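J.: here is a sequence with its predicted model. Questions after.
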Amino acid sequence: MDVLRSHGPAHRFARTPDPAVTFAEHEDFKALLRDSGTRFKVQTVAEAHTAGPSFDIFTAAIGSADPRAPAIGFFGGIHGLERIGSQLILNYMRALLFRLEWDSLLQQQLQKVRLLFMPIVNPGGMWAHTRANPRGVDLMRNAPQRAEGRVPFLAGGQSWSPLLPWYCGRPGAPMEAESTALLQVVREQLASRPFSLALDCHSGYGFDDSLWFPYARTRRLMAHLPEMFTLKAMLEQSMPHHDYSFEPQSNQYLLHGDLWDHAYDQAPPSHVFLPMTLELGSWLWIRKNPRQLFSRHGIFNPIKAHRIKRVLRRHVELLDFLTRAAHAAPGWLPRPEQRALLYQQASAHWRPRRAP
């Protein structure tokens, strides 16, 4: 069986778009799936409702059908205003499709690794031009766990009102449909495997690009610190001139309800699941074009065409590196006798900051 071609209902995406009830990234995703024929296995994992249209939330997967093969998931659009993350993933997906026509090394790679894409987790928020979903919930604050220390006012998550930003949802209420869908996808298609990675693409924090990993709720360090430390060393060796800061999110601030904290804690202890968040530093775009401050879209995304192209071009190497790292995981994962020393070295490197 040709594992590079899995059956997906591409004919579903042949409808003529209505600009009043859709948005560019959603149409780009559907066009990409339509153009891919049967290469991607497409699933509808949830439906997002708005005051107007409803949107299906899709995943697309390609590569090995072996349920024990290593896998990597790429996620975007959790915050509806941060469109550049979705655009980055869609750009990478389309590049893969073109390369599959001629790249025999990529074809061989996909026989041993699974690639999963969920580029628009929050289509309702993206359609409405809001950070939160249509119910006013910030999906990255929506998991049930609470922070173990002080969080930034509002930004760390609040349960008072959806009229205020960073709303976690009503205490004790079920998680939102979009959050539940993401966690189900992670549980069934990534964390169920002996090894998996996840990269969630965001924007809007600082002048630098950052790679954050759990935890966000606590300054305690994750159990798989040796694996994350090894991955960081590989990144620095493979991309010696990269500008990413690579650290636990708690080294920046704590927050309530982080989805990736929850997904990581729910993964089987015997499996290695390494989730990361790519935080694109949008303040740099604002510094170069201060007028973006007067646009809600411009605060979180590059506006000028040449900067959009630069962002899409700049991070492709990272996505490709992580795909190759997933494929090659058996060769670089620390051996049991190495983990204690690596944990000690990683702990010293990422020593938790003292709580404010």
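T.: Looks like it arrived, so ask away. All of these numbers come straight from a predicted model, not from anything done at the bench.
J.: leaving out chain neighbours, which residue sits closest to S238?
T.: Nearest residue to S238 in three dimensions, chain neighbours excluded: F321, at 5.7 Å (Cβ to Cβ, 6 or more residues apart in numbering). For glycine as for every other residue, the C-beta is placed from the backbone atoms N, C-alpha and C.
J.: for that neighbour, what are its contacts?
T.: Shown in contact with F321 (Cβ atoms under 8 Å, 6 or more residues apart in numbering): 234-235, 238-239.
J.: chain center to the helix or strand harbouring it, what's the gap?
T.: Assigned by DSSP states H and E, F321 belongs to helix 316-327. Relative to the chain's own centre, helix 316-327 is displaced by 14 Å; criterion: Cα atoms, centre = their mean, to the nearest Å.
J.: kindly report the same for stretch 146-165.
T.: Distance, centroid of stretch 146-165 to centroid of chain: 22 Å (Cα atoms, centre = their mean).
J.: could you do stretch 326-344 as well?
T.: For stretch 326-344, the distance to the chain centre is 23 Å (Cα atoms, centre = their mean).
J.: any regions of this structure where pLDDT drops low?
T.: For the chain, the stretches flagged by pLDDT under 70 are 1-20, 352-356.
J.: what about the strands in it?
T.: 41-49, 54-63, 71-76, 114-118, 195-203, 210-213, 245-248, 272-280 (DSSP state E).
J.: okay, the ones you listed in CSV with distance to A155 and mean neighbour count next?
T.: Listed next are the strands of the chain as CSV, based on distance: least, Cβ to Cβ, whole Å; neighbours: other Cβ atoms under 10 Å:
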stretch, distance to A155, mean neighbour count
strand 41-49, 24, 18
strand 54-63, 26, 21
strand 71-76, 21, 26
strand 114-118, 25, 25
strand 195-203, 14, 24
strand 210-213, 15, 23
strand 245-248, 17, 18
strand 272-280, 14, 24
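J.: who wins for proximity to R291 among those?
T.: R291 sits nearest to strand 195-203 of all those, at 17.6 Å, using Cβ to Cβ.
J.: please name the strands paired to the closest one in the sheet, noting orientation.
T.: strand 71-76 (parallel), strand 272-280 (parallel) (DSSP bridges).
J.: alpha carbons of the last one, as CSV, please.
T.: This file holds the C-alpha atoms of strand 272-280, laid out as CSV (Å, rounded to 0.1, in the frame of the first residue of the first chain):
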residue,chain,number,x,y,z
VAL,A,272,7.4,10.7,24.9
PHE,A,273,5.2,13.6,23.8
LEU,A,274,7.0,17.0,23.4
PRO,A,275,4.7,19.9,22.7
MET,A,276,6.1,23.4,21.9
THR,A,277,4.6,26.8,21.1
LEU,A,278,6.2,29.0,18.5
GLU,A,279,5.6,32.6,19.6
LEU,A,280,6.4,34.9,16.7
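J.: residues contacting that strand, please?
T.: Under Cβ under 8 Å, 6+ apart, the answer for strand 272-280 is 84-85, 186, 190-191, 194-206, 209-214, 224, 227-228, 231, 249, 260, 263-264, 267, 311, 315, 318, 329, 333.
J.: just checking, A325 touches L231?
T.: Yes - counting by Cβ atoms under 8 Å, L231 is a contact partner of A325 at 6.3 Å.
J.: between the two, what contacts are shared?
T.: Residues within reach of A325 and of L231 at once, by Cβ under 8 Å, 6+ apart, are W332.
J.: now the strands paired with strand 195-203 as JSON lines including distance to E27?
T.: What follows is the strands paired with strand 195-203, written out as JSON lines (distance: least, Cβ to Cβ, whole Å):
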{"stretch": "strand 71-76", "distance to E27": "15"}
{"stretch": "strand 272-280", "distance to E27": "23"}
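J.: what angle separates the longest helix anywhere in the chain from strand 195-203?
T.: Counting residues, the longest helix found in the chain (DSSP state H) is helix 83-100. If you take axes from the mean of the first three to the mean of the last three Cα atoms, to 10 degrees, helix 83-100 sits at 130 degrees to strand 195-203.
J.: taking helix 316-327 as reference, get the angle to helix 83-100.
T.: 70 degrees.
J.: what distance separates helix 83-100 from the centre of its chain?
T.: 13 Å.
J.: start at 51 instead
T.: Sure thing, new numbering starts at 51, so read that last one as helix 133-150.
J.: ok, residues contacting that helix?
T.: So helix 133-150 is contacted by 54, 75, 78-79, 82, 85-86, 89, 110, 112, 124-127, 156-157, 160, 165, 167, 169-170, 176, 250-253, 328, 330, 347, 350-352, 358, 361-362, 365-366, 369 (Cβ under 8 Å, 6+ apart).
J.: how does it look with 6 Å?
T.: Outside helix 133-150, the residues that touch it by Cβ atoms under 6 Å, 6 or more residues apart in numbering are 75, 78, 82, 86, 124, 126-127, 156, 167, 169-170, 251-253, 351, 362, 365, 369.
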